[in-house]
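**Q** Just a sequence and a predicted model for now, questions to come.
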Amino acid sequence: MMAASQVAKHFDHTGNFIFPYNRQMTAGIHDPAQLQDILSHWTRLNTVRMWMWTAEWAAMMYYFGRRTYDAIQARMTSTQVATAKTTLV
């Protein structure tokens, strides 16, 4: 768990890449060319972040879906075994 926390800190996409642009925009940008440049970088980084979140969501849905499927299969198998045992008696 600690290792995952360290990896997450190292790859903090939002804090390392997007927040600096947010701070620049919050401070106020008076040059339209600079604003356009910052917004284009911010938009690109935000799109990358969105795709990272999408991949994370898909991985979690697969993980929990697979666990649910395995649990259902195990329950069905144990029910079939129990039914077969009572039929043989």
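**A** Looks like it came in fine.

**Q** the bottom helix or strand of this protein by mean pLDDT?
**A** Least confident element among the helices and strands of the chain, by mean pLDDT, DSSP states H and E: helix 2-10 (a mean of 58).

**Q** Could you point out the helix or strand that follows that one?
**A** Per DSSP states H and E, helix 2-10 leads on to helix 13 as the next helix or strand towards the C-terminus.

**Q** elements contacting the helix or strand following that following helix?
**A** As assigned by DSSP H and E, the chain's next helix or strand after helix 13 is helix 19-27. Helices and strands touching helix 19-27, by 3 or more CB pairs under 8 Å, 6 or more residues apart in numbering; DSSP states H and E, are helix 32-88. C-betas here are computed from N, CA, C, even on glycine.

**Q** now the angle from the helix it packs on to helix 19-27?
**A** Counting by axes from the mean of the first three to the mean of the last three CA atoms, to 10 degrees, helix 32-88 lies at 130 degrees to helix 19-27.

**Q** Quick check, central residue of this structure?
**A** Nearest residue to the geometric centre of the chain (CA atoms, centre = their mean): E56, 2.3 Å.
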